[in-house]
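Novice: A structural model of the following input is requested.
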Amino acid sequence: MTLTKRIIPCLDVDKGRVVKGRKFKDLQDVANPITLAKKYDEAGADELVFYDITASNEARDIFVDMVEKVAAEISIPFTVGGGLRTVNDIQKVLRAGADKVSINSAAVKNPQLISDAAAKFGRQCVVLAIDAKQIANSWHVFINGGRVDTGLDAITWAQKAEKLGAGEIVVNAIDTDGEKNGYNLDLNRAIADVVNIPIVASGGAGSMQHFAEALLGGKADAALAASVFHYEEIDIHALKAFLRQQDIPIREVTANEF
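Specialist: Predicted coordinates:
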């Protein structure tokens with residue numbers, strides 16, 4: 001059976017507000033996260049991702065109260081990341097209403113966190129986010145909101161993370177983030193070819209065709225985007241209809257689901 005592909009809006013949250021930038025810089029205020037979360041739930045999104053984007057760099061805990069408020073307003077699967085450094089941190093977020101957690105910087109610094117979280121909560125709960133940027137002829141893993149180059153090879157790190165227990169990988173391409181020129185298909189393919197867990201393409205969506213390219217040629221299982229949804233440049237219902245026309249398996253949403 002062919003698994004349906006997923007469309008995932010992303011809320012990058014800073015100081016309680018949804019923000020959006022380009023290449024992880026020049027952040028602009030967008031909206032209240034609760035308002036946007038409800039909108040995407042009603043619009044037919046398959047999942048919602050919430051990133052507290054400055055928690056790791058500021059070495060503080062995630063805003064659990066905001067997670068609770070968003071979770072209370074939506075019925076779709078909800079992934080939360082940012083500032084999760086311990087199994088206890090992860091437990092707090094899951095108790096606040098998250099279905100999955102996304103770990104990034106903390107997993108690079110302490111890979112055992114992936115194994116510990118998968119053992120305690122199940123690998124289906126553990127999403128590894130990889131912020132990758134092309135350096136010479138390879139992709140390096142960056143941490144702390146894209147500020148620090150670890151020198152780690154993103155492909156190698158993805159393979160290791162799967163072995164440690166990650167159930168899914170979000171591939172955030174820093175070079176294409178916010179540019180709206182399309183996802184980094186080469187990076188997505190390179191990671192999809194070496195792991196057997198779902199890959200979520202992130203960074204660069206600017207048109208419906210870009211989603212189709214990521215889900216087909218980019219070998220992604222899901223496509224994540226922010227600004228094209230935030231600024232209503234792409235309607236999720238229309239996007240799903242377009243993708244179905246390309247014979248891409250996409251979940252239909254009917255009015256009686258709400």
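Novice: any idea of the mean pLDDT for the host helix or strand of E213?
Specialist: E213 is part of helix 208-215 when elements are defined by DSSP states H and E. Model confidence over helix 208-215 averages 98 on the pLDDT scale.
Novice: can you list the helices and strands that that helix packs against?
Specialist: Using 3 or more Cβ pairs under 8 Å, 6 or more residues apart in numbering; DSSP states H and E as the contact definition, the elements that helix 208-215 packs against are helix 185-192, strand 222-225, helix 236-245. Any C-beta I mention is one placed from the backbone N, CA and C, and that applies to glycine too.
Novice: now, of these, which is deepest in the fold?
Specialist: Per-stretch averages of neighbours, counted by mean count of other Cβ atoms under 10 Å, single out strand 222-225 among the helices and strands packed on helix 208-215, with a mean of 26.
Novice: what about that strand, distance to the chain center?
Specialist: Distance, stretch centre to chain centre, for strand 222-225: 7 Å (Cα atoms, centre = their mean, to the nearest Å).
Novice: give me the residue at the spatial middle of the protein.
Specialist: V170 (5.1 Å; Cα atoms, centre = their mean).
Novice: buried sites along the helix or strand that L36 is a member of?
Specialist: Using DSSP H and E, L36 sits within helix 33-43. Counting neighbours by 16 or more other Cβ atoms under 10 Å, one finds that the buried residues in helix 33-43 are 33-34, 36-37, 39-43.
Novice: next one: stretch 102-120
Specialist: Buried residues in stretch 102-120, counted by 16+ other Cβ under 10 Å: 102-108, 111, 113-118.
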